[in-house]
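Engineer: one predicted model, sequence on top.
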Amino acid sequence: RQIYEEFCNNGISKEDFDVKRSNFEKSLKVKLEDVNTLIGMTHNTVLNGNKVTYKDILDQSMKLTLDDVNNAIRTHLKGKAFVHVLCGDFQGNNIKM
């Protein structure tokens with residue numbers, strides 16, 4: 001919960017933003033290089049009537065700025081209610097709640 005609250009209050013750093021965007025871009029490009037994956041993704045896109053191409057997604061993601069992302073975090077997450085779920089074998093692991 002503390003990590004989530006810090007994220008909502010502070011957003012992400014420039015370094016994290018650059019790393020995440022680079023990972024997203026490279027991951028999408030790798031997915032698009034495999035013909036079978038590309039066919040499957042295209043099939044699902046057509047089947048669902050989506051008009052956005054993967055190139056559109058990549059282009060839009062590369063236009064995002066750090067300010068865009070941090071503004072979205074502040075607008076959609078900061079101060080909003082959320083559910084925090086704890087699960088596991090607390091008794092068997094001697095965890096007191």
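Structural biologist: That came through fine.

Engineer: what's the burial count for Asn36?
Structural biologist: 7 (other CB atoms under 10 Å). Every residue, glycine included, has its C-beta placed from N, CA and C.

Engineer: quick one: contacts of the helix or strand where Ala72 lies?
Structural biologist: If you go by DSSP states H and E, Ala72 is part of helix 66-76. Helix 66-76 is touched from outside by 7-8, 11-12, 14, 17, with contacts defined as CB atoms under 8 Å, 6 or more residues apart in numbering.

Engineer: of the residues you listed, closest to Lys63?
Structural biologist: Minimum distance to Lys63 across the contacts of helix 66-76 is 13.3 Å, recorded for Phe17 (CB to CB).

Engineer: coming back round to it: buried sites along the helix holding Ala72?
Structural biologist: Buried residues in helix 66-76, counting neighbours by 16 or more other CB atoms under 10 Å, are found at 66, 69-70, 73.

Engineer: look up phi and psi at the closest residue to Phe82 other than its chain neighbours.
Structural biologist: Leaving aside its chain neighbours, Phe82 sits nearest to Tyr4 (7.2 Å; criterion: CB to CB, 6 or more residues apart in numbering). The phi/psi pair for Tyr4 (degrees, to the nearest 10) reads phi -60, psi -50.

Engineer: that concludes my questions; thank you for your assistance.
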